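Novice: 3D model of this:
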Amino acid sequence: MATTAEKISKMSIFSKFLYDWKCNRSFLLMSIPGLIIIALFAYYPMVGVLTAFQDYSLFKGMSGSEWIGFDNFRRFFEDPNFFRIVKNTFLLGLYNLLWSFPAPIVLALLINEMVHPRIKRFVQTATYLPYFISVVVIVGIMKSMFSDAGIVNDMLAAVDADPIQFFNESGFFRSMYIGSDIWQGVGYSSILYLAAITGIDTEMYDAAKIDGCSRFKQIFHITLPSMRPTIITLFILAVGSIVSVGFEKILLMYSPATYDVADVISTYVYRKGIFDQDYGFSSAIGLFNSVVSIIFLLGANYFSKKFLDEGLW
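Specialist: Just a heads-up that it's a prediction; the model follows:
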């Protein structure tokens, strides 16, 4: 006799919808407002992607602007700044992945090993709070610390060292960007890993203690393997966003003196779209960035499924 699941699998799409409506009517009705919001604010604006294939004029609109095919993409690939901004985007995303991704995992493991509950709560709160600080405030703090009259240069002056123009020297930009990113997001990002740790069966730790396993061995043989699905899922998403470097902090931190390492795709789109008002060209660059992100996401998921038997789909 066929099971319910087998019967449902043989239904048509319309029959499946009617069956789902009959069983989960209240949940489907509750999801309607969310679906409307997603459609209006996530999918409807995607129509604007068409401007990437136009010589878009703000006054003529999409219907009146001339269609030019892939000319905007050709202009971008032939742009003298192309290799610089693509290289900077990949390097910032890669360094961010190498340093910012493992940081919350390490923090979650350290917090989990804390015995005293008050200290544990204090560390969680202290590392979690910076996430709610505005990017503008964070950059302002950094500029106060690393300016000519900041505390860092005061310390250098105390040891008779020459002052350093941190925000005007290319060699310091990436370190300051990634370091501030870790400080701001490490506590918030560790929440998912802590939730994964709390779901581990405590009997596994008890059995390991009876077998004489140290705390260090318990981390490597119980905690980390149990966190593996969460780590892999977040890693795939992180790889997919490797070229989606946010422009807000970079825009506040960089200057023409640091364009050689700080100018990325998103800041270039901002300058072309807002200052040059070249909307079709900036849309083409943004579309190129999105396509590369999708390719990275699909590639990361494919290799994860092939070699680790874990993936998003």
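Novice: C-alpha from now on. contacts and neighbour counts both.
Specialist: Fine.
Novice: show me what the helix or strand where S290 lies is packed up against.
Specialist: Using DSSP states H and E, S290 sits in helix 279-308. Where contact means 3 or more CA pairs under 8 Å, 6 or more residues apart in numbering; DSSP states H and E, helix 279-308 is packed against helix 71-78, helix 224-240, helix 265-270.
Novice: can you give the contact residues for the last one?
Specialist: The one in question is helix 265-270. Contacts with helix 265-270, where a contact means CA atoms under 8 Å, 6 or more residues apart in numbering, come from 85-86, 89, 244-247, 250-251, 282-283, 285-286, 289.
Novice: so what's the closest residue in space to I231 that isn't next to it in sequence up against?
Specialist: Using CA to CA, 6 or more residues apart in numbering and skipping the chain neighbours, the partner closest in space to I231 is Y193 (7.8 Å). When contacts are counted by CA under 8 Å, 6+ apart, Y193 touches 104-105, 108, 227, 230-231.
Novice: where's Y193 relative to D278, distance?
Specialist: According to CA to CA, to the nearest Å, Y193 stands 43 Å off from D278.
Novice: how about L35?
Specialist: For L35, the distance to D278 - CA to CA - is 33 Å.
Novice: who's more crowded, the two?
Specialist: A direct count of neighbours by other CA atoms under 10 Å for L35 and D278 places D278 higher, at 18 against 11.
Novice: was I right to think the more buried one contacts K272?
Specialist: Yes: using CA atoms under 8 Å, D278 is in contact with K272, at 5.6 Å.
Novice: need the per-residue pLDDT for the nearest residue to R75 once chain neighbours are set aside.
Specialist: Using CA to CA, 6+ apart and skipping residues adjacent in sequence, the residue nearest R75 is F281, 7.9 Å away. Listed pLDDT for F281 reads 91.
Novice: and if you look at H116?
Specialist: Value listed for H116 in the pLDDT field: 88.
Novice: likewise for I8?
Specialist: pLDDT at I8 comes out at 64.
Novice: now swap in I219 and tell me
Specialist: 89.
Novice: for it, what are its contacts?
Specialist: L109.
Novice: could you check how far it is from A207?
Specialist: 14 Å.
Novice: try R215
Specialist: 12 Å.
Novice: of the contacts of helix 265-270, which is the most crowded?
Specialist: Counting by other CA under 10 Å, top hit in the contacts of helix 265-270: S282 with 26 neighbours.
Novice: surely I178 is in contact with S100?
Specialist: Yes: with contacts counted by CA under 8 Å, I178 reaches S100, the gap being 7.4 Å.
Novice: and those two? Which one has more around it.
Specialist: More crowded of I178 and S100, by other CA under 10 Å: S100, with 21 against 18.
Novice: how about that one: what's its closest non-neighbour residue?
Specialist: Per CA to CA, 6+ apart, closest to S100 is I182, 5.4 Å.
Novice: now stretch 96-103, how far from the chain's geometric center?
Specialist: 11 Å (CA atoms, centre = their mean, to the nearest Å).
Novice: that stretch - what's its average pLDDT?
Specialist: 92.
Novice: and that stretch, C-alpha only, in CSV?
Specialist: The C-alpha atoms that make up stretch 96-103 are tabulated as CSV, following Å, rounded to 0.1, in the frame of the first residue of the first chain:
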residue,chain,number,x,y,z
ASN,A,96,38.1,38.9,4.7
LEU,A,97,37.2,35.2,4.2
LEU,A,98,40.5,34.0,5.5
TRP,A,99,40.4,36.1,8.7
SER,A,100,36.8,37.0,9.4
PHE,A,101,35.3,33.6,8.7
PRO,A,102,37.3,31.5,11.3
ALA,A,103,37.3,34.3,13.9
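Novice: buried residues in the helix or strand harbouring K16, which are they?
Specialist: Following DSSP H and E, the helix or strand that holds K16 is helix 13-23. Buried residues in helix 13-23, counting neighbours by 16 or more other CA atoms under 10 Å, are absent.
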